[in-house]
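Undergrad: Generate a structure from the sequence data that follows.
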Amino acid sequence: MGKPKQPKTSKELEEIKEKRRKTIEVKKNKTRMAKANEAKKKKKIEQTVYETVPDLQRQLQQSEQDQEALKKQMEEQLSAIETQTIPNLVQKLEMTTFELENSKMELQNSKMELENTKLQYDIFKMESEEQLSIAREEIEKLKKQLENKSSRIDDLVKTLKNVKRRKSGTKVKHHLKSYFELSKEAKIDCQNDMKTLIETRFQKFTSDELRQLLIDTFPMLNTALKSLSPEETYQYQNELNLTSKAMDKARNLHKQLGFNPFSPKNQVTAFRKSITFQTIGIEGDVPVRMLTNIREIINQRIAVQISNENFQHLTENKYFIGLSIDRGGEYILFTISLGSCRNINSPKSMILIGLMKGKENRENLQLFENLYQQLKELKSIIVDQEETEVIQFLNCDLKMDKLLLGLRSGHSKNPCVVCEDDAEGIFKCYKETTGKLRNYEVQNAEISQDLPALIDWIPANRVCVPFLHTLLGIVPKILNELKLELMKKEQIDIVDYSYTEEEQDEIDRILTKIEEIQSLHDEWLNFYNAQNHEEDEERSSTSCDSDVCIGKLKNATIPKRVPRKSYKILDVVKSKKKFFHTICQTLSSDSLKKFKQKEFVPTLYGIEEIETTVLAEIKQAETEGEDVLMQLN
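TA: The predicted structure is shown next:
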């Protein structure tokens, strides 16, 4: 807002009045001058009109006389044309009309001839195409027969050559060809020749001596059969991205081939444990690894999700990211979860941004300072080539929340990491209302805020409290109250209602079956309520050869039949290389119990009969669901 206006002085008011008076006089003078100029122009125009009117009258009289003369001349010419040219024109017009009628008749006749010719051409074309297709089929059959006969002849020729060679005792000169180009039988012959030659020449040598002889004679065999060190084996496994099971399969395969080049598994494991991280930290004894370009990594991951059609928008112009820090084994993992992945539990929705070897304490967590700074500055990212706001959540266990938010560990007065209420108030808040949210920007030692929060940019309402940790202290209190009430009112002993592992598995199986039957019931109900409309070939997904198919009529996929324990329920049946939906053939569940494929003959049913079968299937799903519920009770 600006400063308030000050009141005018008397001198300033007189100056303003004088300016206004001068302005009014100037406007009046301009108005007088304009009126005087208009009067002068008007007088000048009147004088000009008085001078030019007589001349205009003379000119008008002369033009009227000229028009009368021209009119007489035109009338004479028209009368001459009527007497001479009109009869000739009428005669010519009659002749032209007669010629046009004749040409029209000729055109109609030629059109009829063309139509007849076209009809004959179409008939001839259809006949020739049929003959051509028949000829092509026969040519293809003859080609196949010729190929089969020629391949058979080649096999017989090879067999005959081998038989003649074996009878005559002659040997093929395999050394004239490449070993890799030889057939399987020829390779076996080469191996036998080599084996016979070595065994006859060196009869007294053992197998180990023969092996050493071959290695000394051909040094390349020794290099080919070189054993890999543990480091080389580890590099080989990493370069090919082989899992431990895949590596075991590779070892077994090489053992079957007669030589295993890989180092033993225990040596590779020992080498893997000897690998150390590049470490920084307190006195150099806390290894830490961190990403330095979180924003670019997230943008790349989102681009990959979009290209793989695994991306979904939860809220327009906003993108959700969950921060999580947890310790597993010897390491503390700092991860972020992306809220855009369709399968939220998929590994593709998570990115590891920090790794630390050490204990859960505030001193170690402070080493992630670079990550905290990057995440604090992460206000927006690129989503589908558009700048999108980032909303961050904190999702850790209770102990990690206390460390990251600077709270006293195990504080009995104010145990909650989100609200300011005390322990008794927390128990009440689950019955009545929640306590006041903490304000991390204002440090308050009275409510257990001892140290500055490491993650101070996420507000309290976006800190996801782990309900499992919170409810561990609340649920026993509630159960104790319920037990006391039962003992007072009904005076019965408290019975342990816990289930055994087998009973729990059976309950889970029944619940899964209930969900499946309910899903089938909903699918059949939606299918029955689908609107009938004309079939669209691009959308139709049915494969029924029936003339009246309810799937084609509704242009929707027919759901699976409701399963039965005692017999198999068929969705589709076959007859003479044609397939029919059991629903379109009005086959109920009871009729499918006695159904035999060989005796099946397709029948054409009306749409009303088929819809009656659909209603029976919906009723069957309801009955099956009630039976399963009875098992649960």
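Undergrad: Okay, domains of the chain per the record?
TA: Under the assignment automatic domain parsing, the domains of the chain span 103-152, 187-225, 396-473, 503-632.
Undergrad: Distance from the chain centre to the first one, please.
TA: Which is domain 103-152. Distance of domain 103-152 from the chain centroid (Cα atoms, centre = their mean, to the nearest Å) equals 49 Å.
Undergrad: Please name the bridge partners of Leu355.
TA: Beta bridges link Leu355 to Arg289, Leu333, judged by DSSP bridges.
Undergrad: ok, it touching Phe334?
TA: Yes: at 7.3 Å, Leu355 counts as touching Phe334 under the criterion of Cβ atoms under 8 Å. For glycine as for every other residue, the C-beta is placed from the backbone atoms N, C-alpha and C.
Undergrad: quick one: Ser227 from Glu330, how far?
TA: For Ser227, the distance to Glu330 (Cβ to Cβ, to the nearest Å) stands at 32 Å.
Undergrad: which stretch in the domains of the chain has the least confidence?
TA: When the domains of the chain are compared by mean pLDDT, domain 396-473 comes last with a mean of 65.
Undergrad: And the domains of the chain: which comes nearest Arg32?
TA: domain 396-473 (74.6 Å; Cβ to Cβ).
Undergrad: Show residues contacting stretch 589-608.
TA: By Cβ atoms under 8 Å, 6 or more residues apart in numbering, the surrounding residues in contact with stretch 589-608 are 546-548, 550, 553, 561-562, 564, 566-570, 573-575, 578, 580, 582, 584-587, 616-617, 620.
Undergrad: Pop out the phi and psi values for Val548.
TA: Main-chain dihedrals, Val548, degrees, to the nearest 10: phi -120, psi 90.
Undergrad: repeat for Gln392
TA: Main-chain torsions, Gln392, degrees, to the nearest 10: phi -110, psi 140.
Undergrad: number of nearby residues for it?
TA: Counted by other Cβ atoms under 10 Å, the residues lying close to Gln392 total 19.
Undergrad: Is it correct that it is in contact with Gln374?
TA: No: the pair Gln392 / Gln374 is not scored as a contact, 11.6 Å apart, by Cβ under 8 Å.
Undergrad: just checking, Arg362 touches Ala453?
TA: No: between Arg362 and Ala453 no contact is recorded; they are 10.9 Å apart, counting by Cβ under 8 Å.
Undergrad: Of the two, which one has the most company?
TA: Neighbour count, other Cβ under 10 Å: between Arg362 and Ala453, Ala453 has more, with 18 against 14.
Undergrad: Can I take it that that one is in a helix?
TA: No: read with DSSP: H, G, I helix; E, B strand; the rest coil, Ala453 is coil and lies in no helix.
Undergrad: from memory it sits against Gly406, does it?
TA: Yes: if you go by Cβ under 8 Å, Ala453 and Gly406 touch, sitting 4.7 Å apart.
Undergrad: quick one: terminal-to-terminal distance for stretch 215-229?
TA: 21 Å (Cα to Cα, to the nearest Å).
Undergrad: residue closest to the middle of this protein?
TA: Nearest to the geometric centre of the chain sits Glu309, at 2.2 Å (Cα atoms, centre = their mean).
Undergrad: Per-residue pLDDT of that one, please?
TA: On pLDDT, Glu309 comes in at 73.
Undergrad: residues in contact with it?
TA: So, once contact is read as Cβ under 8 Å, 6+ apart, Glu309 ends up touching nothing.
Undergrad: For the stretch 501-633 of the chain, which segments are assigned as strands?
TA: Assigned by DSSP state E, counting those that start in this stretch, the stretch 501-633 of the chain shows strands spanning 572-575, 578-581.
Undergrad: Between the ones you listed, which one is closest to Lys144.
TA: The closest of the strands of the stretch 501-633 of the chain to Lys144 is strand 578-581. By Cβ to Cβ, the value is 26.8 Å.
Undergrad: can you pull the buried residues of stretch 136-152?
TA: Neighbour-count burial for stretch 136-152, counted by 16 or more other Cβ atoms under 10 Å, picks out no residue.
Undergrad: Tell me the helix or strand right after the helix or strand hosting Gln61.
TA: Here Gln61, judged by DSSP states H and E, is contained in helix 10-168. Note on helix 10-168: by DSSP H and E, the next helix or strand toward the C-terminus is helix 184-201.
Undergrad: Send me that following helix as CSV with only the CA atoms.
TA: Extracted in CSV, the C-alpha atoms of helix 184-201 (Å, rounded to 0.1, in the frame of the first residue of the first chain):
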residue,chain,number,x,y,z
LYS,A,184,28.3,-86.3,-37.8
GLU,A,185,29.3,-89.8,-39.1
ALA,A,186,32.4,-88.4,-40.8
LYS,A,187,33.5,-86.7,-37.5
ILE,A,188,33.1,-90.0,-35.7
ASP,A,189,35.2,-91.7,-38.3
CYS,A,190,38.0,-89.0,-37.9
GLN,A,191,37.9,-89.5,-34.2
ASN,A,192,38.2,-93.3,-34.5
ASP,A,193,41.1,-93.0,-37.0
MET,A,194,42.9,-90.6,-34.6
LYS,A,195,42.3,-92.9,-31.6
THR,A,196,43.4,-96.0,-33.5
LEU,A,197,46.6,-94.3,-34.8
ILE,A,198,47.7,-93.1,-31.3
GLU,A,199,46.8,-96.3,-29.5
THR,A,200,48.7,-98.5,-32.0
ARG,A,201,51.7,-96.2,-32.1
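Undergrad: How far away from the center of its chain is that helix?
TA: Between the centre of helix 184-201 and the centre of its chain there are 59 Å (Cα atoms, centre = their mean).
Undergrad: Mind giving me the packing neighbours of the helix or strand just after it?
TA: As assigned by DSSP H and E, the chain's next helix or strand after helix 184-201 is helix 207-217. Judged by 3 or more Cβ pairs under 8 Å, 6 or more residues apart in numbering; DSSP states H and E, helix 207-217 is in contact with helix 219-224.
Undergrad: quick revisit: keep only those of the contacts of stretch 589-608 that are in helices.
TA: Cross-referencing the contacts of stretch 589-608 against helices under DSSP state H gives Ile550, Leu553, Ala616, Glu617, Gln620.
Undergrad: Touching, the third one and Ser588? I think so.
TA: Spelled out, that is Ala616. Yes: using Cβ under 8 Å, Ala616 is in contact with Ser588, at 5.7 Å.
Undergrad: and the helix holding Gln61 with helix 184-201, angle?
TA: Calculated by axes from the mean of the first three to the mean of the last three Cα atoms, to 10 degrees, helix 10-168 forms an angle of 60 degrees with helix 184-201.
Undergrad: need the strands for the stretch 251-400 of the chain, in chain order.
TA: Using DSSP E, counting those that start in this stretch, the strands assigned to the stretch 251-400 of the chain run over residues 288-290, 318-328, 331-338, 350-357, 380-383, 386-395.
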